[in-house]
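> Sharing a sequence plus its predicted fold:
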Amino acid sequence: MIIQQFYDKGLAHASYAIIRTGKMIVIDPARNPQPYYDLAAQHDANIVGVIETHPHADFISSHLEIHKATGAVIYCSKLTGATYPHETFDDGDIIQLNDIKLKAINTPGHSPDSICILLKDEEGKETAIFTGDTLFVGDVGRPDLRENVGNITAKKEELAKQMYQSTRHKLMTLPKSVVVYPAHGPGSLCGKNISPDLQSTIGRELLENYALQLMDELTFVKTLTTDQPFTPKYFEYDVELNKTGAPAFQQSVDEVTKIEANIQLVDGITIIDSRPKNMFRSGHLKGAINLQDGEKFETWLGSILQPTEQFYLIAENAATTKILIEKAAKIGYENNIAATLQSPSNATERLPDLYLEDFNANADNYTIIDVRNQGEVNEGKVFKTAISIPLPQLRERINEIPTEKPIVIHCAAGYRSAAATSIVAAQIKTVPVYDLGEVIKEYFVHE
């Protein structure tokens with residue numbers, strides 16, 4: 001038996017393939033199915049099944065594409081309300097993969113339709129469990145993403161109660177030796193305290209996971225519903241798209257229009273400029289947002305832009321363009337790209353440089369905007385007078401920024417403040433807008 005984990009660091013997403021004597025089942029596949037096809041070919045295996053632990057909010061799955069390409073059966077809970085061809089897979093249902101078994105366990109909590117998959121080896125031993133977004137290493141799935149979307153909606157408090165029951169009665173009773181394979185690792189927005197480790201055991205989680213410690217249901221609900229990360233704009237959209245199934249990955253990304261750099265762009269369409277911020281600062285198109293290519297590009301793209309919002313995508317070169325289209329596709333945004341273009345020479349807008357000595361000596365002469373997430377701000381402000389507006393909310397809250405003094409924007413490391421500065425500078429023209437950038441790290445050191 002082979003268990004192969006595939007890990008996408010950008011979205012902190014883990015998917016899995018299980019191979020047994022020439023047959024393969026994929027669990028929670030990413031948008032691009034090619035790695036699963038490659039693994040199947042490497043082991044001369046046929047993909048016979050795809051299991052969805054729930055309709056994912058944070059990425060687009062390739063379950064439907066794999067089904068169409070290979071004939072693999074898609075399995076999911078009957079509660080999902082899936083409109084793609086599938087077989088239901090709920091409490092007690094078994095998938096026989098030659099001489100090993102995959103057993104469904106309904107574990108509502110992160111979503112009403114969540115399942116986990118218990119693997120029994122050829123000797124009938126409970127060996128591993130694929131927990132989706134129910135149980136992570138060091139955490140459990142957040143319960144607040146299905147209040148307004150999905151086949152079944154539920155308030156976060158109700159889902160938190162269900163998570164309490166699912167963990168106590170279905171997961172914590174498993175043998176301590178059972179290996180835990182979650183759908184997410186550190187940095188995922190589907191949990192708040194996920195460990196850097198990408199697998200664990202039931203025994204370890206019983207000892208170390210804060211959510212599995214002895215507490216009553218009321219305490220658990222309060223703990224789980226407090227201090228969860230922000231919710232990107234694209235999450236609800238992805239739940240619905242995963243319920244129906246996305247178009248084929250390669251065809252969809254290949255259809256994105258590419259245009260010459262200096263063609264006149266259509267007014268009113270958002271411009272995302274992914275070039276390094278030094279290039280952006282020295283010359284960019286009017287109104288462009290500097291969302292730099294980086295490890296979390298797709299998360300911030302789906303946090304700043306609405307799921308139906310068209311945008312132009314500017315990249316430094318053809319190779320980066322290809323990468324960023326594929327990143328956009330991971331969250332289902334590739335069809336929103338009006339066109340891509342590379343480093344336009346008619347980009348003449350510039351951003352001013354901050355005179356740091358004056359800022360340090362006279363910080364009160366500036367309006368300081370902190371675009372970190374609320375949880376980060378709650379741990380302590382860097383500047384007492386700073387106004388907190390998290391980056392995902394900034395475009396909608398520009399009018400809250402005073403314009404009597406020059407504006408300085410900061411985050412925790414410089415990536416978000418570059419994007420935020422471009423957003424604010426495009427809207428506020430009466431005073432200079434400065435990016436504190438990476439210098440902010442020095443202020444944290446001296447706190």
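It's in. Numbers count the residues shown, from 1 in each chain.
> roughly how far apart are residue 246 and residue 67?
Residue 246 sits 12 Å away from residue 67, going by Cβ to Cβ, to the nearest Å. C-beta coordinates here come from the backbone N, C-alpha and C atoms, glycine included.
> Can you tell me the number of residues neighbouring residue 93?
17 (other Cβ atoms under 10 Å).
> Verify the stated contact: it with residue 103.
Yes. Between residue 93 and residue 103 there is a contact under Cβ atoms under 8 Å: 7.2 Å.
> Which of the helices or strands spans residue 252?
In the assignment (DSSP states H and E), residue 252 maps to helix 249-254.
> Now that helix: buried residues?
249, 252, 253 (16 or more other Cβ atoms under 10 Å).
> Am I right that residue 314 falls within a strand?
Yes. Counting by DSSP: H, G, I helix; E, B strand; the rest coil, residue 314 falls inside a strand.
> which ones are touching it?
Going by Cβ atoms under 8 Å, 6 or more residues apart in numbering, residue 314 touches 271, 272, 273, 274, 275, 285, 288, 340, 341, 342, 343, 344.
> For the fifth one, grab the count of nearby residues.
Under the neighbour criterion other Cβ under 10 Å, residue 275 is assigned a count of 24.
> Let me know whether residue 117 touches residue 103 as I believe.
Yes. Using Cβ under 8 Å, residue 117 makes contact with residue 103 at a distance of 7.0 Å.
> More neighbours: the two, which one.
Between residue 117 and residue 103, counted using other Cβ under 10 Å, the more crowded position is residue 117 (24 against 18).
> Run through the bridge partners of the more buried one.
Here residue 117 sits in beta bridges with residue 104, residue 130, as judged by DSSP bridges.
> measure it to residue 314 for me?
Shown here: residue 117 relative to residue 314, a distance of 42 Å by Cβ to Cβ.
> Repeat that for residue 108.
If you go by Cβ to Cβ, the gap between residue 108 and residue 314 works out to 43 Å.
> Turn the contacts of residue 314 into JSON lines, including secondary structure, distance to residue 14 and pLDDT.
What follows is the contacts of residue 314, written out as JSON lines (DSSP: H, G, I helix; E, B strand; the rest coil; distance: Cβ to Cβ, whole Å; pLDDT from 0 to 100):
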{"residue": "271", "secondary structure": "strand", "distance to residue 14": "34", "pLDDT": "98"}
{"residue": "272", "secondary structure": "strand", "distance to residue 14": "28", "pLDDT": "98"}
{"residue": "273", "secondary structure": "strand", "distance to residue 14": "31", "pLDDT": "98"}
{"residue": "274", "secondary structure": "coil", "distance to residue 14": "26", "pLDDT": "98"}
{"residue": "275", "secondary structure": "coil", "distance to residue 14": "31", "pLDDT": "97"}
{"residue": "285", "secondary structure": "coil", "distance to residue 14": "38", "pLDDT": "96"}
{"residue": "288", "secondary structure": "coil", "distance to residue 14": "34", "pLDDT": "97"}
{"residue": "340", "secondary structure": "strand", "distance to residue 14": "30", "pLDDT": "97"}
{"residue": "341", "secondary structure": "strand", "distance to residue 14": "34", "pLDDT": "96"}
{"residue": "342", "secondary structure": "strand", "distance to residue 14": "33", "pLDDT": "93"}
{"residue": "343", "secondary structure": "coil", "distance to residue 14": "35", "pLDDT": "86"}
{"residue": "344", "secondary structure": "coil", "distance to residue 14": "38", "pLDDT": "87"}
